[in-house]
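Q: What follows is a predicted structure for the sequence shown.
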Amino acid sequence: MCGIVGYVGKKNTKEILLDGLKELEYRGYDSAGIAVLSNNKFESFKAIGKLVNLQEKTKDFITEGFAVGIGHTRWATHGKPTELNAHPHLGENSYVVHNGIIENYSTLKKELMESGVQFLSQTDTEVIVHQFEKNLKSMHNAFEAFRATIQELEGAFAILLVTKAEDKTIFFAKQGSPMLVGINAEGEKYFASSDTPLIGHCTDVNYFEDGDYGFVSAEELSIFSKDGEKKAPHFSKLSTDKLSAQKDGYRFFMEKEIYEQSDVIVDTMMGRLSDEEILFDEIDKSLFDGIHEIKLCACGTSYHAALSASYLFERYAKIKTSVEIASEFRYREPIMTKDTLFVVISQSGETADTLETLKMAKKAGLRTLVICNVDNSSMVRLSDASILTRAGIEKGVASTKAFATQVTLFWMLTLYVAKLRGALKKEEIIRQISLLREVPASLIVTDELHEKIKRLSKRYLHGHGFFFIGRDIFFPLALEGALKLKEISYLHAEGYPSGEMKHGPIALADPELFTIALLPQHLLYEKSKSNVEELSARDSTICAISPLEFNKADDFIKISTCRDYMLEFFEMMVVVQLISLEISIRLGNDVDMPRNLAKSVTVE
Ligand code: F6R
């Protein structure tokens, strides 16, 4: 996830910006850059890779006296992680840094190009600075031009802009992406995407609200609300604990990432949903020409996302779909036919087994697609096409938001393919898109839910094992729930299809066997319920998760009543993630760095 810093003051601007970016490293990035405006003269530097590269490039650059400066760490979403795509982006006399996604950038870019503007990067961000300069030419007032520019942007953003037209000022705007400004007794002003770069520099901070925009100079901090009214800053004291600030006050990164899912999914969908169809600018429709089968291949949690996708591809796109565990596939002499689209799914894009299967598919002449979170990763570079999940960096080793974005993206892809194949009626695609728009709300963690799970977790710290059970797409979710629990609690857990328990595992049923039962209202409810009743009759301890009251369970977690099983899927996903989290915390484990596990598995 990108990070922003800004500074107005008399100290060493370069060092302050670089130190600020260092504090944002935990958010993940693939390039970084700064721009400093002093005495109406700009200096700007960008570098790909780690911050040391930027430090190296700026080592002879000295800043003295009053300056305004902006800096950025970029996590690629539109365009590769190259120096040209790194921020700050330059117009003629201005620089901009931006977090978020400008949804209408292609329309704005087309108009600007038609009027003769030349673009240097592939990013959505660059339109902001050119649009600002276009407005400045007609308005002759930097603030009015900035205000007009913001009003023309659609999407999510946190923006800092500096311009020679007003060379002692930083213009800012916030819509959807986080940003705050901090002050101190020396009259300096600091901007950042989160608290950490400001700790030690500022005493008080103002967190911008959506729609806020304005400008900051040495003398002034002017904030306007989205309806154009001037508003007073609302300062609060800044915490002094950096680690806790990085975790936004949550106990663990995994907890933060569970809570973040609702926002992250908005990024995954941003610019990709129109009223009637799914848009993926990054792939060509011809990728699917002559394709009669989809083969999905992945490891671990990504494999569970693939398995979930297989239900949706067959149900919505009516295309034969198979799913493979990469470590198995690579050694089993599989038959690969050229009418198969080979899709690999990987959060990191580096997992050795998955990467190897991609190479095999390429060698066999199959068309390939990767669903990935890291641009420029090995898989993205190797495959014919790629779609990014835009989850931002995931620090917790146990994957949560990466899984949520993978499933959402697959759901969108199934609708995209359904449209291409004429497999779903237009009305149904419209309905599905309206459901997708409800996913962020389904992912919100309420205090009530979290408290309930915290309380209930104390009863599940022993026993001889857990079964997470579900039917249809809730079976991969059961697998994922069990994997989460295993990873961070070190308790034995299995995911199982509900209907399969009676074919063997039910022999284990007794009060010390814990069953976590997924009972969606909108998919095979009666069938799933009977399976849980069979376990209940054999005295297994049952924790049921459902929108419908279920009195055969020992514990019951009620999710909200929603209008489709996919929304139930996402609500239940949050529940199983929180169950694992709370059990692990009670057991005193290191939630973010569980024993024996690595975040990226680049060995066989
Ligand atoms: C589990 C988890 C792993 C990964 C797996 C594949 O929480 O994160 O199971 O899903 O190692 O990694 P990627 O998705 O990077 O290929």
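A: Great, that's in hand.

Q: Quick check: buried residues in the helix or strand bottoming out on mean pLDDT in the chain?
A: Least confident helix or strand of the chain, by mean pLDDT, DSSP states H and E, is helix 242-246 with a mean of 76. Residues of helix 242-246 classed as buried by neighbour count (16 or more other C-beta atoms under 10 Å): 245-246. Glycine gets a C-beta too; all of them are placed from N, C-alpha and C.

Q: Same question for stretch 518-527.
A: Within stretch 518-527, the residues that count as buried by 16+ other C-beta under 10 Å are 518-520, 523-525.

Q: got a list of what the spatially most central residue of the chain touches?
A: Central residue check for the chain by C-alpha atoms, centre = their mean: the C-alpha nearest the mean position is that of A391, 1.9 Å away. Shown in contact with A391 (C-beta atoms under 8 Å, 6 or more residues apart in numbering): 264, 267-268, 347, 373, 401-402, 404-405.

Q: With distance to the ligand, secondary structure and pLDDT added, can I get these in a markdown table?
A: What follows is those, written out as a markdown table (distance: C-beta to the nearest ligand atom, whole Å; DSSP: H, G, I helix; E, B strand; the rest coil; pLDDT from 0 to 100):
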| residue | distance to the ligand | secondary structure | pLDDT |
| --- | --- | --- | --- |
| V264 | 15 | helix | 93 |
| D267 | 18 | helix | 91 |
| T268 | 15 | helix | 95 |
| Q347 | 3 | coil | 94 |
| N373 | 8 | coil | 91 |
| K401 | 11 | helix | 97 |
| A402 | 7 | helix | 97 |
| A404 | 12 | helix | 98 |
| T405 | 11 | helix | 98 |
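
Q: ok, back up a step: out of the buried residues of stretch 518-527, who's nearest I430?
A: Within these, the smallest distance to I430 is 20.9 Å, found for L523 (C-beta to C-beta).

Q: Count the residues that sit near the closest residue in space to that closest one that isn't next to it in sequence.
A: Sequence neighbours aside, Y565 is the residue nearest to L523 in space, at 3.9 Å (criterion: C-beta to C-beta, 6 or more residues apart in numbering). Y565 is flanked by 18 other residues according to other C-beta atoms under 10 Å.

Q: K285 now?
A: Counted with other C-beta under 10 Å, residues neighbouring K285 total 11.

Q: surely it meets R421?
A: No: with contact defined as C-beta atoms under 8 Å, K285 does not reach R421; the gap is 11.0 Å.

Q: Mind listing the shared neighbours of those two?
A: Shared contacts of K285 and R421 (C-beta under 8 Å, 6+ apart): none.

Q: For stretch 223-243, output the C-alpha coordinates as PDB.
A: Output of stretch 223-243 as PDB, limited to C-alpha atoms (Å, rounded to 0.1, in the frame of the first residue of the first chain):
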ATOM      1  CA  ILE A 223      -9.100  23.000   5.500                       C
ATOM      2  CA  PHE A 224     -12.300  22.900   3.500                       C
ATOM      3  CA  SER A 225     -15.000  20.300   3.600                       C
ATOM      4  CA  LYS A 226     -16.400  18.700   0.500                       C
ATOM      5  CA  ASP A 227     -19.200  21.200   0.300                       C
ATOM      6  CA  GLY A 228     -16.600  24.000   0.100                       C
ATOM      7  CA  GLU A 229     -17.100  25.300   3.700                       C
ATOM      8  CA  LYS A 230     -14.000  26.300   5.600                       C
ATOM      9  CA  LYS A 231     -13.600  24.200   8.700                       C
ATOM     10  CA  ALA A 232     -11.400  24.400  11.800                       C
ATOM     11  CA  PRO A 233      -8.800  21.600  12.300                       C
ATOM     12  CA  HIS A 234      -9.600  19.100  14.900                       C
ATOM     13  CA  PHE A 235      -6.400  18.300  16.700                       C
ATOM     14  CA  SER A 236      -5.700  15.300  18.900                       C
ATOM     15  CA  LYS A 237      -2.500  14.300  20.800                       C
ATOM     16  CA  LEU A 238      -0.200  12.000  18.900                       C
ATOM     17  CA  SER A 239       0.700   8.700  20.400                       C
ATOM     18  CA  THR A 240       4.400   7.900  21.000                       C
ATOM     19  CA  ASP A 241       4.400   4.200  20.400                       C
ATOM     20  CA  LYS A 242       5.600   3.500  16.800                       C
ATOM     21  CA  LEU A 243       4.900  -0.200  16.700                       C
END
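
Q: ok, and for that stretch, which residues are buried?
A: 223-224, 233, 235, 238.

Q: Show me the residue of the chain that gets nearest to the ligand, please.
A: Residue nearest to the ligand within the chain: G300 (1.9 Å; C-beta to the nearest ligand atom).

Q: which stretches of the chain have low pLDDT?
A: Filtered on pLDDT under 70, the chain yields the residue ranges 1, 599-600, 602-604.

Q: Just name whatever secondary elements the least confident helix or strand of the chain is in contact with.
A: Packed against helix 242-246, as judged by 3 or more C-beta pairs under 8 Å, 6 or more residues apart in numbering; DSSP states H and E, are no other helices or strands.

Q: Would you mind listing the outside residues contacting that helix?
A: Under the contact criterion C-beta under 8 Å, 6+ apart, helix 242-246 has outside partners 23, 26, 194-196, 199, 239.

Q: near the ligand, anything from stretch 495-512?
A: No: shown here: stretch 495-512 not in contact with the ligand (C-beta under 6 Å from any ligand atom), separated by at least 12.8 Å.

Q: Now the terminal residues of that stretch, how far apart.
A: Start-to-end span of stretch 495-512 (C-alpha to C-alpha, to the nearest Å) is 17 Å.

Q: So what's the gap between that stretch and the chain middle?
A: Its chain's C-alpha centre and that of stretch 495-512 lie 35 Å apart, by C-alpha atoms, centre = their mean, to the nearest Å.

Q: List the buried residues for it?
A: Using 16+ other C-beta under 10 Å as the burial criterion, the residues of stretch 495-512 that qualify are 495-499, 501, 505-506, 508-509.

Q: Alongside the ligand, which residues does the stretch 401-550 of the chain contribute?
A: Proximity of the stretch 401-550 of the chain to the ligand (C-beta under 6 Å from any ligand atom) is limited to residues 483, 487.

Q: In stretch 194-202, which residues are buried?
A: For stretch 194-202, using 16+ other C-beta under 10 Å, the buried residues are 194-199, 201-202.

Q: Between which two of those residues is the distance greatest?
A: Greatest spatial distance among the buried residues of stretch 194-202 (C-beta to C-beta): S194 and H201, at 13.6 Å.

Q: Check the secondary structure at A544 for me.
A: Assigned with DSSP: H, G, I helix; E, B strand; the rest coil, A544 falls in the strand class.

Q: ok, now which ones touch it?
A: Residues near A544 by C-beta under 8 Å, 6+ apart: 517, 519, 532, 550, 552-553, 555-557.

Q: In TSV: those, plus secondary structure.
A: Formatted as TSV, those follow (three-state DSSP):
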residue	secondary structure
A517	strand
L519	coil
V532	helix
F550	coil
K552	coil
A553	coil
D555	strand
F556	strand
I557	strand
